[in-house]
Each structure stands twice: as structure tokens, then as C-alpha cells.
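A.B. asks: The following comprises the amino acid sequence and a computationally predicted model.
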Amino acid sequence: MKLTILNKKNNPLWSTGIDNKGDEYRVIDGHFFLGETISVEPYHNSSNTFIHPKLNYDSVDIFSNFLNKEGLIHFKDLSEVNNKSKPFRRLYELNNYWVSPVSNISNQIEYLYHKKMIDYSRFKIGKPGIKQIRGRASIISINYSDLLQKVLRERKAVRSWYFCDRERDLNRGQYADLFVLGNFNEPDLQIQLWQIIGGGSEILFAHGLIDKETLRFNHFDLATHYVDPNQIPQFANNKKRLDLIKKEKWIRIDHDLGEEDIFSLIKMFFPMNYLIDEFIEYPVLNIV
């Protein structure tokens, strides 16, 4: 069946398509094809709702053969859909379907393109369309570099955290920022940065490995860790290891990387500017 997608705004999830008789139908994610005549298939056996064949799948689980054990795909396995793909709305073909980077890492993806780092990157993909979760506000300033230099200069582990005054009560599972820097493992220096959000159940995690000789990063990844919020006070105050409910990786790069690129990617990932500003102004450093 062929429908012409009308160039007008509808529901965020669907557009209006008309057949050659002028009858109207819903087309899921039709915004990709405004003004075009396209072939469509029934959406979940519906008689009045349709979808383009390239988008007619329910889950990226159908691409499991292309994903690593962390659920990430290598950029080299994707073919960009040149007439549809745009910056911040990248679209790729994979196994005759269309996929996109999940939208909460769109800033990082564009950074990787700009820095010509995308070719050796792995990242999380999802089904294209505005149904994806939108990204959080980017962080534009925090002095991570000073903390990193302290680790490199003194060759010690450094733990740095800050609890926002307005929402300090961790026992009630409220917001806190927690940054952890510097654990030694051979042959690399391991850097970890954390930020606790979502009432204490969701932890943003940035992780990198630094070669001790060259002081260059050779690995970097971003993830979200989901935990029981009741564990957060024990983690923050007693350094007790957290039991993860689930871990979701977003980006992984195994390649020679500079400090500037690493911290630029982290700044895009961590939300809540007002907490970062407080952290910069009133840091609490603890040498472990």
C-alpha cells in the first residue's frame, strides 16, 4: 500500500497519510517522510494505522547479533541514511531496518563526529522517532581537570564528593552529587566519576583508563547504574560497594583519547548545572 504523507503537524507519534482516493490514515513516525509518497505496512495488524517497513519492528533485540555483551554497536556496522540523517538526528540502516543512537547521547555522538572519533566508537541504538527519552541539560563548566591532575601528580587515589545543601538528606533518598577519582589497577590508572540522580536510584557513571606512561586515555565509557536508593547512604558514608539492579551502557570507546575529549563528553552527560556550580564553589576533598 502507498500513502502520501501530508506536510502538516499532527500527534507527535504519527502523521497523516492519504491514499489515491483521498482517504486518510495514521502513519507512525511519518515525520520522516513529509510530502513523500511511500510504501507502508499495517502497524500491529491495524486497519487504519500504518508504518514504513524500515521502521516496522518492536525492539532492537532483533539486532542482537550485531551488539556486544554491553548492548552496544560498533559504528562500522552501520550505514548512514544520507538523505534522511541529520546532525543530532542521525539515522542508520542495519539489516534492512533503520536505527538511531538513543537520543540522550545525541550531543556526545555529534562531538564524536566533529572530532573524527566516531569511526572507532560503540554506542547504544534505539528505534528512530521522538518516542525516545530526551537528553538532559548539558554541563558546560566543572573543574574535573584539577582533580585528575591531583591523581596523576600525587599518584594517589582521590575521592571527591559534594552533597547539595538544599537536598542533603541521603537517608530520604534525595539528590546528591558524588564524584570518585583514582583507583590504581595494572597497567592503567582507573578514573571514575559518579552523579546520583532520580531520588537516589539512578547513578550516572563515567569511567576511563589512563596509561601510566603516556598519561593518555585508552578506554572510556558512559553508563547509567540503577540501584536500591536505600544503599546510597552506605555507599557515600561507608564506601560500601553497591549492588546493581541494572546497568545500561551508552557509549564505549577503546582507542587513544585525550583528556579534553574525555571531559567534554562527560560534561554533556552529567545533568543539574546548579549542583555543579555548588560543587565548584564548596568542594569537599577526601584523600583515601
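C.D. replies: Arrived safely.

A.B. asks: Least confident secondary structure element in the protein?
C.D. replies: Here the helix or strand of the chain ranked lowest by mean pLDDT, DSSP states H and E is strand 284-287, holding a mean of 38.

A.B. asks: Give me the pLDDT value at residue 79.
C.D. replies: For residue 79, the pLDDT comes out at 97.

A.B. asks: which non-adjacent residue is nearest it?
C.D. replies: residue 93 (4.6 Å; Cβ to Cβ, 6 or more residues apart in numbering). Just so you know, the C-beta spots here come from the backbone N, C-alpha and C atoms, and that holds for glycine as well.

A.B. asks: In terms of helix, strand or coil, where does that neighbour fall?
C.D. replies: strand (DSSP: H, G, I helix; E, B strand; the rest coil).

A.B. asks: same thing with residue 219?
C.D. replies: strand.

A.B. asks: give the contact list for it.
C.D. replies: Counting by Cβ atoms under 8 Å, 6 or more residues apart in numbering, residue 219 touches 188, 207-209, 252-254.

A.B. asks: Out of those, the closest to residue 228 would be?
C.D. replies: Within the contacts of residue 219, the smallest distance to residue 228 is 21.2 Å, found for residue 207 (Cβ to Cβ).

A.B. asks: can you give me phi and psi for that closest one?
C.D. replies: phi -140, psi 130 (degrees, to the nearest 10).

A.B. asks: how many neighbours does it have?
C.D. replies: As a burial measure, residue 207 scores 18 neighbours (other Cβ atoms under 10 Å).

A.B. asks: same question, the one 10 residues further on
C.D. replies: Neighbours of residue 217 under the rule other Cβ under 10 Å: 22.

A.B. asks: got the contact list for the residue lying closest to it once chain neighbours are set aside?
C.D. replies: Using Cβ to Cβ, 6+ apart and skipping the chain neighbours, the partner closest in space to residue 217 is residue 257 (4.0 Å). Counting by Cβ under 8 Å, 6+ apart, residue 257 makes contact with 117, 208, 216-218, 220.
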